[in-house]
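In: Give me a 3D structure for the following:
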Amino acid sequence: MQTFQRINWLKYWRANRLFSQLVVLGVSSGILLYSTGVNAAEQVFLKYGGFRGAVSVQQLNQFVKTGKTTPALEAYLKTAKQDPAVARKALTAGLKAEPAFLNNLLSSWAGPILLDQVGSVVHPPAQQLDQQALRTALAVTIEQTGEVTLLGAIRHYPATSVELEGDRLIPVYKRLSQLSKGVVF
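Out: Residues are numbered from 1 along each chain as shown. Okay, here's the model as predicted:
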(Lines give C-alpha, C1' and ligand atoms only; values in the text may rest on other atoms or scores of the structure.)
Protein backbone atom coordinates (compact mmCIF):
# COMPACT_ATOMS: atom_id res chain seq x y z
CA MET A 1 0.00 0.00 0.00
CA GLN A 2 2.78 2.44 0.91
CA THR A 3 4.60 1.74 -2.37
CA PHE A 4 1.42 2.52 -4.30
CA GLN A 5 1.05 5.84 -2.43
CA ARG A 6 4.65 6.76 -3.20
CA ILE A 7 4.19 5.99 -6.90
CA ASN A 8 1.05 8.15 -7.01
CA TRP A 9 2.83 10.92 -5.12
CA LEU A 10 5.76 10.73 -7.57
CA LYS A 11 3.38 10.96 -10.56
CA TYR A 12 1.62 13.94 -8.95
CA TRP A 13 4.97 15.61 -8.14
CA ARG A 14 6.25 15.19 -11.72
CA ALA A 15 3.01 16.51 -13.22
CA ASN A 16 3.00 19.44 -10.80
CA ARG A 17 6.66 20.21 -11.56
CA LEU A 18 6.04 20.06 -15.32
CA PHE A 19 3.02 22.33 -14.97
CA SER A 20 5.00 24.88 -12.92
CA GLN A 21 7.81 24.88 -15.49
CA LEU A 22 5.31 25.44 -18.30
CA VAL A 23 3.70 28.32 -16.41
CA VAL A 24 7.09 29.93 -15.76
CA LEU A 25 8.07 29.46 -19.41
CA GLY A 26 4.78 30.95 -20.61
CA VAL A 27 4.95 33.96 -18.33
CA SER A 28 8.63 34.57 -19.17
CA SER A 29 7.93 34.34 -22.91
CA GLY A 30 5.00 36.73 -22.59
CA ILE A 31 7.07 39.26 -20.68
CA LEU A 32 9.95 38.88 -23.12
CA LEU A 33 7.78 39.34 -26.20
CA TYR A 34 5.81 42.20 -24.65
CA SER A 35 8.87 44.10 -23.44
CA THR A 36 10.82 43.81 -26.66
CA GLY A 37 7.95 44.41 -29.08
CA VAL A 38 6.96 47.69 -27.48
CA ASN A 39 10.33 49.24 -26.72
CA ALA A 40 12.82 48.16 -29.35
CA ALA A 41 15.69 50.52 -30.14
CA GLU A 42 14.91 53.07 -32.83
CA GLN A 43 18.01 55.26 -32.65
CA VAL A 44 21.71 54.47 -32.35
CA PHE A 45 24.24 56.96 -31.05
CA LEU A 46 27.56 56.21 -32.72
CA LYS A 47 30.41 57.15 -30.44
CA TYR A 48 34.11 57.30 -31.17
CA GLY A 49 36.33 59.31 -28.84
CA GLY A 50 34.78 62.77 -28.66
CA PHE A 51 32.61 62.30 -31.75
CA ARG A 52 29.00 61.31 -31.24
CA GLY A 53 26.49 61.06 -34.08
CA ALA A 54 22.99 59.64 -34.27
CA VAL A 55 21.49 57.36 -36.91
CA SER A 56 18.25 55.46 -36.93
CA VAL A 57 18.22 51.68 -36.64
CA GLN A 58 16.57 51.70 -40.07
CA GLN A 59 19.57 53.56 -41.54
CA LEU A 60 21.96 51.11 -39.87
CA ASN A 61 19.95 48.20 -41.31
CA GLN A 62 20.16 49.77 -44.77
CA PHE A 63 23.93 50.22 -44.40
CA VAL A 64 24.34 46.57 -43.43
CA LYS A 65 22.16 45.34 -46.32
CA THR A 66 23.38 47.63 -49.11
CA GLY A 67 26.64 49.19 -47.94
CA LYS A 68 25.23 52.67 -48.62
CA THR A 69 25.94 55.20 -45.90
CA THR A 70 24.09 58.26 -44.73
CA PRO A 71 26.07 61.50 -44.27
CA ALA A 72 26.14 60.99 -40.48
CA LEU A 73 27.27 57.38 -40.79
CA GLU A 74 29.88 58.28 -43.38
CA ALA A 75 31.28 61.06 -41.13
CA TYR A 76 31.38 58.63 -38.23
CA LEU A 77 33.23 55.96 -40.20
CA LYS A 78 35.78 58.51 -41.42
CA THR A 79 36.30 59.93 -37.93
CA ALA A 80 36.67 56.44 -36.49
CA LYS A 81 38.96 55.43 -39.37
CA GLN A 82 36.83 52.32 -39.84
CA ASP A 83 36.60 50.40 -43.07
CA PRO A 84 32.87 50.23 -43.90
CA ALA A 85 33.19 46.59 -45.01
CA VAL A 86 34.80 45.57 -41.71
CA ALA A 87 32.19 47.52 -39.73
CA ARG A 88 29.38 45.79 -41.66
CA LYS A 89 30.95 42.41 -40.99
CA ALA A 90 31.40 43.16 -37.29
CA LEU A 91 27.74 44.18 -37.00
CA THR A 92 26.38 41.12 -38.81
CA ALA A 93 28.82 38.32 -38.03
CA GLY A 94 26.93 35.91 -35.87
CA LEU A 95 27.54 33.29 -33.28
CA LYS A 96 25.16 30.48 -34.17
CA ALA A 97 23.62 28.61 -31.27
CA GLU A 98 20.44 27.02 -30.07
CA PRO A 99 18.31 29.32 -27.88
CA ALA A 100 18.47 26.83 -24.99
CA PHE A 101 22.26 26.70 -25.23
CA LEU A 102 22.51 30.50 -25.15
CA ASN A 103 20.21 30.64 -22.14
CA ASN A 104 22.33 28.03 -20.33
CA LEU A 105 25.53 29.84 -21.27
CA LEU A 106 24.21 33.19 -20.08
CA SER A 107 23.04 31.57 -16.84
CA SER A 108 26.48 30.08 -16.18
CA TRP A 109 29.55 31.76 -14.72
CA ALA A 110 30.49 32.92 -18.25
CA GLY A 111 27.22 34.81 -18.78
CA PRO A 112 28.16 38.07 -17.04
CA ILE A 113 31.53 38.05 -18.80
CA LEU A 114 29.93 37.65 -22.24
CA LEU A 115 27.30 40.27 -21.47
CA ASP A 116 30.02 42.69 -20.34
CA GLN A 117 31.92 42.10 -23.59
CA VAL A 118 28.89 42.80 -25.78
CA GLY A 119 27.72 45.52 -23.38
CA SER A 120 31.01 47.37 -23.76
CA VAL A 121 29.96 47.96 -27.39
CA VAL A 122 26.14 48.21 -27.14
CA HIS A 123 24.57 49.88 -24.11
CA PRO A 124 22.08 52.60 -23.13
CA PRO A 125 23.32 56.14 -23.79
CA ALA A 126 25.21 57.65 -20.84
CA GLN A 127 24.13 54.85 -18.52
CA GLN A 128 25.64 51.73 -17.09
CA LEU A 129 24.96 48.45 -18.81
CA ASP A 130 21.67 46.80 -17.94
CA GLN A 131 22.66 43.13 -18.25
CA GLN A 132 19.05 41.93 -18.14
CA ALA A 133 18.05 44.24 -21.01
CA LEU A 134 21.01 43.04 -23.08
CA ARG A 135 20.25 39.43 -22.23
CA THR A 136 16.67 39.99 -23.41
CA ALA A 137 17.91 41.52 -26.67
CA LEU A 138 20.26 38.58 -27.30
CA ALA A 139 17.52 36.06 -26.49
CA VAL A 140 15.08 37.65 -28.94
CA THR A 141 17.79 37.83 -31.60
CA ILE A 142 18.74 34.18 -31.34
CA GLU A 143 15.08 33.13 -31.15
CA GLN A 144 14.32 34.95 -34.42
CA THR A 145 17.50 34.31 -36.41
CA GLY A 146 19.30 31.38 -34.79
CA GLU A 147 22.39 33.48 -34.14
CA VAL A 148 23.61 36.34 -31.98
CA THR A 149 24.84 39.48 -33.75
CA LEU A 150 25.68 42.97 -32.56
CA LEU A 151 23.09 44.37 -34.98
CA GLY A 152 20.51 42.01 -33.49
CA ALA A 153 21.40 43.23 -30.00
CA ILE A 154 20.91 46.81 -31.23
CA ARG A 155 17.61 46.05 -33.01
CA HIS A 156 16.06 44.28 -30.03
CA TYR A 157 17.46 46.27 -27.14
CA PRO A 158 14.44 47.14 -24.97
CA ALA A 159 14.99 50.91 -24.96
CA THR A 160 14.31 53.62 -27.52
CA SER A 161 18.00 54.31 -28.08
CA VAL A 162 21.37 52.63 -27.64
CA GLU A 163 24.96 53.75 -27.87
CA LEU A 164 27.47 51.95 -30.08
CA GLU A 165 31.10 52.30 -28.98
CA GLY A 166 33.03 52.38 -32.25
CA ASP A 167 36.49 52.08 -30.77
CA ARG A 168 35.48 48.80 -29.11
CA LEU A 169 33.48 47.28 -31.97
CA ILE A 170 36.26 45.50 -33.88
CA PRO A 171 38.24 44.24 -30.82
CA VAL A 172 35.10 42.75 -29.23
CA TYR A 173 34.06 41.23 -32.55
CA LYS A 174 37.49 39.57 -32.83
CA ARG A 175 37.32 38.23 -29.25
CA LEU A 176 33.85 36.80 -29.76
CA SER A 177 34.90 35.27 -33.08
CA GLN A 178 37.82 33.53 -31.38
CA LEU A 179 35.50 32.34 -28.63
CA SER A 180 33.08 30.87 -31.17
CA LYS A 181 35.95 28.96 -32.82
CA GLY A 182 36.96 27.47 -29.47
CA VAL A 183 33.44 26.50 -28.41
CA VAL A 184 31.17 24.23 -30.38
CA PHE A 185 27.69 25.74 -30.41
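In: Run a quick neighbour tally on the nearest residue to A40 once chain neighbours are set aside.
Out: Leaving aside its sequence neighbours, A40 sits nearest to H156 (CB to CB, 6 or more residues apart in numbering; 5.8 Å). Quick note: C-beta positions are derived from backbone N, CA and C, even for glycine. Using other CB atoms under 10 Å, H156 is surrounded by 24 other residues.
In: With L134 as the reference, measure out to H156.
Out: 10 Å (CB to CB, to the nearest Å).
In: What of F101?
Out: Shown here: F101 relative to L134, a distance of 17 Å by CB to CB.
In: Let me know the secondary structure of the residue nearest the centre of the chain.
Out: For the chain, the residue nearest the mean C-alpha position is L138 (2.4 Å; CA atoms, centre = their mean). Following DSSP: H, G, I helix; E, B strand; the rest coil, L138 is assigned to helix.
In: ok, the closest residue to it other than its chain neighbours - contacts?
Out: Spatial nearest neighbour of L138, excluding adjacent residues (CB to CB, 6+ apart): V148 at 5.3 Å. Applying CB atoms under 8 Å, 6 or more residues apart in numbering, one finds that V148 lies in contact with G94, L95, A97, L102, L138, T141, I142.
In: mind checking how far V148 is from K96?
Out: In this view, V148 and K96 are 8 Å apart by CB to CB.
In: surely V44 meets E163?
Out: Yes. If you go by CB atoms under 8 Å, V44 and E163 touch, sitting 7.5 Å apart.
In: who's more crowded, the two?
Out: Between V44 and E163, counting by other CB under 10 Å, V44 is the more crowded of the two (24 against 20).
In: picking that back up, who does the residue nearest to L138 bridge with?
Out: Applying DSSP bridges to V148 yields these beta-bridge partners: L95.
In: Now do it against P99, distance only.
Out: 10 Å.
In: so what's in contact with these two at the same time?
Out: Taking CB under 8 Å, 6+ apart as the contact rule, the neighbours common to V148 and P99 are I142.
In: With that, I have no additional questions.
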